[in-house]
Structures are given as structure tokens and as C-alpha cells.
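J.: Got a sequence here, can you model it:
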Amino acid sequence: MDINCLFFLSASAEGLAVGVGFGAIGKTPSATFESARNLAIGIGIQNFPEGLAVSLPLRGSGVSTWTAFWYGQLSGMVEPIAGLLGAVAVVLAEPLLPYALAFAAGAMVYVVVDDIIPEAQVSGNGRLASWTSILGFVVMMSLDVGLG
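T.: Numbering: from 1, shown residues only. Now for the predicted structure:
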């Protein structure tokens, strides 16, 4: 993978983290403006050496000072865009979160039953054992929710 691609992905993830931090303000007691601001400041401080890691090799390879500086700045320009996407994602994803977590839990149960528990694979009935285990889990959860 190209080093520029790695810096782009890193900056995107950092911007998303800041956006999620600001988008989550007020959702939990620990999600405050101060914690989001501190996260943004911390990531901003570490952006200086990241920009240097882009600029200095360019300058060393003969690129002009201003061009090298510009590319160093561009390496962090994706962060504000990713930050906005992160904040919007928190707002949009909140209603979907219970369903997404339920899907993830079901997928994990399937993986455990299908791949990790070797007894479910006896006699070539692995798929049947997995699906009936999931069905049993769904029935159990339905009864738990329905009966309180």
C-alpha cells in the first residue's frame, strides 16, 4: 500500500473520531464538549509530525519548499470532511444502533456455533445445528422480551 494512501486513511480515521466525539455530546454523561475538544486538540497536535512526515521526504527528494509544505497541509485536509461525516453518522445511526447491535450479536452467535464449537459439526450436520441454534436463540429472546 502506498504511504500517501496510509496517511489519507489515518487522517480520515482521525477526523471521524473527532466528528463522533462532537456528534455524541450529551448522549452519555462522559460525552461532553470538553472531552470532544480535548480529543480534537490531541489529534491536532499529532498532526504536526504527520505533516512533517509527508513534507520532509518530498523536500529531500528535490520538491520545492512550498510544494512540499502544500502536500503536508493536504495530508490533513480530509480530517474536517471526515469529522463532519462522523458527526452526521452519530446522529443518523443512533436510531439504527439497537438493530445493528442485534445483527452483530446474531452474527457472533452464528460464528461461534458454526466454527468454534466442533461438536456442532458432527455427522456433517453443521449447518443444521447452526441454524437450529440460531432459531432457538431467537425463540428464547422472544420469550424473554415477551414475558419480561
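J.: okay, now the closest residue to Ala100 other than its chain neighbours: neighbour count?
T.: Leaving aside its sequence neighbours, Ala100 sits nearest to Ala93 (CB to CB, 6 or more residues apart in numbering; 7.4 Å). C-betas here are computed from N, CA, C, even on glycine. Per other CB atoms under 10 Å, the neighbour tally for Ala93 reads 12.
J.: can you tell me the helix or strand for Ala93?
T.: Under the criterion of DSSP states H and E, Ala93 resides in helix 78-93.
J.: Give the buried residues for that helix.
T.: Buried residues in helix 78-93, counting neighbours by 16 or more other CB atoms under 10 Å, are found at 78-79, 82-87, 90.
J.: now the helices for the chain?
T.: For the chain, applying DSSP state H gives helices covering 3-23, 33-60, 65-74, 78-93, 97-111, 126-147.
J.: which residues sit against the shortest one?
T.: Counting by CB atoms under 8 Å, 6 or more residues apart in numbering, the neighbours of helix 65-74 from elsewhere in the structure are 51-52, 54-56, 58-59, 63.
J.: Can you select the buried ones among these for me in ChimeraX?
T.: A single ChimeraX command is used to select the members of the contacts of helix 65-74 judged buried by 16+ other CB under 10 Å:
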select :51,54,55,58,59
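J.: Output the helices of the chain in a markdown table; the columns should cover mean pLDDT and distance to Glu119.
T.: Below are these laid out as a markdown table (pLDDT from 0 to 100; distance: least, CB to CB, whole Å):
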| stretch | mean pLDDT | distance to Glu119 |
| --- | --- | --- |
| helix 3-23 | 69 | 40 |
| helix 33-60 | 86 | 46 |
| helix 65-74 | 89 | 55 |
| helix 78-93 | 85 | 37 |
| helix 97-111 | 78 | 15 |
| helix 126-147 | 83 | 8 |
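J.: Neighbours of Gly42, how many?
T.: Gly42 sits with 13 neighbouring residues when counted by other CB under 10 Å.
J.: Could you report the distance from it to Val18?
T.: Distance, Gly42 to Val18, using CB to CB, to the nearest Å: 9 Å.
J.: separation between the residue found closest to Ala82 once you drop the neighbours it is linked to in the chain and Ala36?
T.: In this structure, Ala82 finds its nearest non-sequential neighbour in Gly15, 2.9 Å apart by CB to CB, 6+ apart. To Ala36, Gly15 is 13 Å away according to CB to CB.
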